[in-house]
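> Here is my input; please provide its structure:
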Amino acid sequence: QVQLQESGPGLVKPSQTLSLTCTVSGGSITTNYYYWDWIRQPPGKGLEWMGAITYSGSTYYSPSLKSRTSISRDTSKNQFTLQLSSVTPEDTAVYYCVLVAGNGGGWYWGQGTQVTVSS
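Numbers count the residues shown, from 1 in each chain. Model prediction:
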């Protein structure tokens, strides 16, 4: 069973860069047709897909966030990372790392981590 765990600061100041890491256990981030996503949910709003990095290292981003978002990976640590620059209070949300396993393998979610943007 693949498990995902988010980690990072819970409080970020406006204009700074938010950085979160997802540590994966029970499976490799290089497994074929595994897609590693970041999804967030602002308070009182729905889920928002932010971007993904694939098993081969290709990245995809939401058009609305592309200019501020970077997703990378460390295969030696079996981790992938989200960086969101120039944050504002509107970036306050619960951030989830998610595995989308291709070929009908299902979705696996981390527990989520609250990030608040405030001075």
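> And the next helix or strand past the helix or strand of the chain with the lowest mean pLDDT?
Taking mean pLDDT, DSSP states H and E as the measure, the chain has strand 106-109 as its least confident helix or strand, at a mean of 95. Using DSSP states H and E, the helix or strand that follows strand 106-109 in sequence is strand 113-117.
> Just give the strands next to that following strand in its sheet, each with its orientation.
Strand pairing for strand 113-117, determined by DSSP bridges: strand 11-12 (parallel), strand 93-101 (antiparallel).
> Mind checking what helix or strand follows the first one in sequence?
In this case it means strand 11-12. Using DSSP H and E, the helix or strand that follows strand 11-12 towards the C-terminus is strand 18-25.
> who does that following strand pair up with?
With DSSP bridges as the test, strand 18-25 is paired with strand 3-7 (antiparallel), strand 79-84 (antiparallel).
> what's the neighbour count on Y34?
21 (other CB atoms under 10 Å). Where you see a C-beta, it was placed from the backbone N, CA and C, and this is true even at glycine.
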